[in-house]
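K.L.:
model this:
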Amino acid sequence: MERLLVLVRHGQSEWNLKKLFTGWEDPGLTEQGVAEAHAAGRSLKALGLSFDIAFTSVLSRANRTLDIMLEELGQSGLETIRDQALNERDYGDLTGLNKDDAREKWGDEQVHIWRRSFDTPPPGGESLKDTAERVLPYFERAILPRVLAGERVLVSAHGNSLRALVMQLEGLSGAEIVKRELKTGAPVIYRLDETGRVAEKQDLAA
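P.N.:
Okay, here's the model as predicted:
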């Protein structure tokens, strides 16, 4: 039985391009982001992959990326479940600021801590630990059982919500996962064993 789980960070967004903290704000994809989504779909198709169900957040950049990938796969209209549990990390008071403005306001060291620590949230926002505490129960309840039942599952989400999944799947510590970069529009393919452990991983960004 194939237990296939593919994770894809959305293509570049307008706020990614401007280096703004995005969080739960809802900018669209750039032209590059659209191209990345098409390329992701083509790369999955070239591997002969198809899917039984898709999961995504309620934010349009992840939704659009998914729609484009499914179009490339010839699977437009695939059953798709959208849930805010898969939304990006909420950056609170940093949302909408660019990195330089944030550093000017709070200082280099403090902004670095907010961005790269596992459990220190920015004011009014979430740490990666908080994000994981939102994402992982949803994964265990809604996504993993479908994979273990033999369904081929595609997830289109965000850098930090996907980091939480990667941390769980690969058994990484908080210190390890904050160093992991997930490229926009680059699928990571996991095949799981019957217990949910990773039997095989293929990173198409590599």
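
K.L.:
look up phi and psi at Ala54.
P.N.:
Note on Ala54: backbone dihedrals following degrees, to the nearest 10 are phi -130, psi 150.

K.L.:
surely it and Leu66 touch.
P.N.:
Yes: if you go by C-beta atoms under 8 Å, Ala54 and Leu66 touch, sitting 5.8 Å apart. C-beta here means a position set from N, CA and C on the backbone, and glycine is covered the same way.

K.L.:
and for these two, which residues touch both?
P.N.:
Counting by C-beta atoms under 8 Å, 6 or more residues apart in numbering, the shared contacts of Ala54 and Leu66 are Thr80, Leu154, Ser156.

K.L.:
packing partners of whichever strand or helix holds Val135?
P.N.:
Secondary structure from DSSP states H and E places Val135 in helix 128-138. Counting by 3 or more C-beta pairs under 8 Å, 6 or more residues apart in numbering; DSSP states H and E, the packing neighbours recorded for helix 128-138 are helix 159-170, helix 174-177.

K.L.:
what's the most buried one of those?
P.N.:
The highest average neighbour count among those, using mean count of other C-beta atoms under 10 Å, belongs to helix 159-170 at a mean of 22.

K.L.:
packing partners for it?
P.N.:
Checking 3+ C-beta pairs under 8 Å, 6+ apart, helix 159-170 ends up next to strand 4-9, helix 128-138, strand 153-157, helix 174-177, strand 188-192, strand 198-203.
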